[in-house]
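# kindly generate the corresponding structure for this input.
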Amino acid sequence: MNNYKNREKFNEIIKLINIPEIIVLHGARQVGKTTLMKMTMDYLKEGGIDDIFYFDLEQEEFLNLFNQGLEEVVKYINGRKNKNRQGGRKSKTFVFVDEVQYLDNPTSILKLFYDHYKDDFKLIVSGSSSFAIKSKFSDSLVGRIIDLEIFGLSFYEFLDFKGLRYDLTSDSDLICSELKNIYTEYVLYGSYPQVVLTDNLELKETYLKSIIEKYIYKDIKDLAK
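Numbers count the residues shown, from 1 in each chain. Predicted coordinates:
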């Protein structure tokens with residue numbers, strides 16, 4: 001799948017892909033939620049699924065579309081569907097919605113999607129602010145969503161991203177010594193995938209500074225109004 005690095009959560013998402021409940025991915029900025037969604041989209045395409053839609057709600061036109069209500073979203077999707085399937089085969093339409101916390105009322109549209117279209121649409125949504133999602137989601141979504149929290153890379157994933165192979169259960173003194181040095185980088189620079197994939201230390205610090213500034217000037221500001 002386009003040479004994506006393996007993420008442990010990906011297998012969990014795939015196991016849930018055929019159940020009717022909405023999958024909600026939430027977690028900090030830059031931990032890989034969008035990449036997990038794109039990995040899932042590629043997996044579906046490889047499985048022969050044609051009707052896959054991705055909406056990034058940081059794009060104003062898509063945010064406005066969703067805030068207009070369910071029927072406008074369904075109308076748009078139906079107008080973009082593949083009309084040339086062979087043999088009249090009917091399959092679910094997969095709808096990926098990124099940054100769902102920006103919606104005026106995400107609970108309402110997700111509830112309506114599930115209640116009226118769960119046989120036709122499978123939703124996978126993500127949100128960068130757990131606080132914002134929890135404040136905007138109500139108890140009416142209980143039983144309609146599967147909530148998956150996405151964290152930064154585990155140390156095992158960190159090693160994989162680095163292209164390193166170690167048996168973490170090994171009692172070799174040399175392996176333990178090497179792993180301590182590697183773990184020092186993991187602790188100092190964190191587990192954000194973009195930062196891990198960068199070898200340049202100055203660039204690592206630039207990425208981390210950018211993430212911190214987004215938390216301070218956007219997420220915390222929005223949360224505190």
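# could you give the number of residues near the residue lying closest to residue 196 once chain neighbours are set aside?
Distances taken as Cβ to Cβ, 6 or more residues apart in numbering place residue 161 nearest to residue 196, at 4.9 Å, with adjacent residues excluded. To be clear about C-beta, it is placed using only N, CA and C from the backbone, and glycine gets the same treatment. Using other Cβ atoms under 10 Å, residue 161 has 16 other residues around it.
# same check on residue 27?
Neighbour count of residue 27, defined by other Cβ under 10 Å: 21.
# per-residue confidence for the most centrally placed residue in the chain?
What sits nearest the mean C-alpha location of the chain, by Cα atoms, centre = their mean, is residue 33, with 2.5 Å. The model reports residue 33 with a pLDDT of 93.
# what about the residue nearest to residue 196, distance to residue 215?
Distance from residue 161 to residue 215, counting by Cβ to Cβ, to the nearest Å: 23 Å.
# please apply the same query to residue 174.
Look at residue 174 and residue 215: by Cβ to Cβ, they are 39 Å apart.
# where does pLDDT dip in the protein?
1-2, 83-90, 129-140, 219, 222-224 (pLDDT under 70).
# would you mind giving the domain segments of it?
Split into domains by automatic domain parsing, the chain comes to 8-150, 155-224.
# remind me what the longest helix belonging to the chain packs against, helices and strands.
What stands out as the longest helix in the chain, according to DSSP state H, is helix 173-189. Other elements packing on helix 173-189 under the criterion 3 or more Cβ pairs under 8 Å, 6 or more residues apart in numbering; DSSP states H and E are helix 155-161.
# tell me the buried residues in the helix it packs on?
Buried positions in helix 155-161, judged by neighbour count with 16 or more other Cβ atoms under 10 Å: 157-161.
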